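Generate coordinates for the sequence data below:
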Amino acid sequence: MSTPHALKNVHPSHRALNWVWDVDLLDWVVETQPGGGAGGAVTVTGIATGQGNPLLFVSIAQGGAGTTQLVAADATRRIKVVSYVVVMSATGTMKFIDSAGDLTGAMPIGINGGAAVMGQPSSPVLETGVNKALSIVTVTGAATGHLAYFLEA
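Here you go, the predicted model:
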């Protein structure tokens, strides 16, 4: 087994996670992607997601309660969320939506409380329709955190 290596050029919101992988198992290449949601996206390529698509990361950084687009629509593919972490600045509710409607119900979260939800590529925690943007809607508090997703037809 080789020495594990930390990822470089990871979005600042993800650096605190201190991700490390064994390079004997997979070759990891990290690229910063322009656009994306509130904080842009980081692409991790060279990995098998189970669906053969690169895993993407986006930060969640609302300035205040309301609706914030996290991932832009893709004309031919769905957004499949593998995991997310959300913390609220004030007691309120949050939910994920696409332009067709709610993807989750409104989840009540206390001040400085949150949720950490993990799925896997073969079993995403939620997904949009084809050509639908992914957004978060909060009431009362602002959400911060991050999510991992991939695009698939």
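
Tell me what the closest residue to Pro108 other than its chain neighbours is bridged to.
Among residues not flanking Pro108 along the chain, Thr93 sits closest, at 5.3 Å (CB to CB, 6 or more residues apart in numbering). Backbone N, C-alpha and C define where each C-beta goes, glycine included. Beta bridges link Thr93 to Pro108, Val139, judged by DSSP bridges.

same question, Leu126
Taking DSSP bridges, one obtains Val81 as the residues bridged to Leu126.

Check Met118 too.
With DSSP bridges as the criterion, the beta-bridge partners of Met118 are Ser83.

can you offset everything so residue one is 42?
I'll keep to 42 as the first residue from here, and by that count the last item is Met159.

What's the per-residue pLDDT of the residue nearest to Pro149 here?
For Thr134, the model assigns a pLDDT of 97.

ok, it - how many residues close by?
Using other CB atoms under 10 Å, Thr134 has 16 other residues around it.

Next, the contact list for Val126, please.
155-158, 186-188 (CB atoms under 8 Å, 6 or more residues apart in numbering).

quick one: what helix or strand has it in it?
strand 119-129 (DSSP states H and E).

what's the closest non-adjacent residue to Gly151?
Beyond its immediate neighbours in the sequence, the residue positioned closest to Gly151 (CB to CB, 6+ apart) is Thr132, lying 5.0 Å away.
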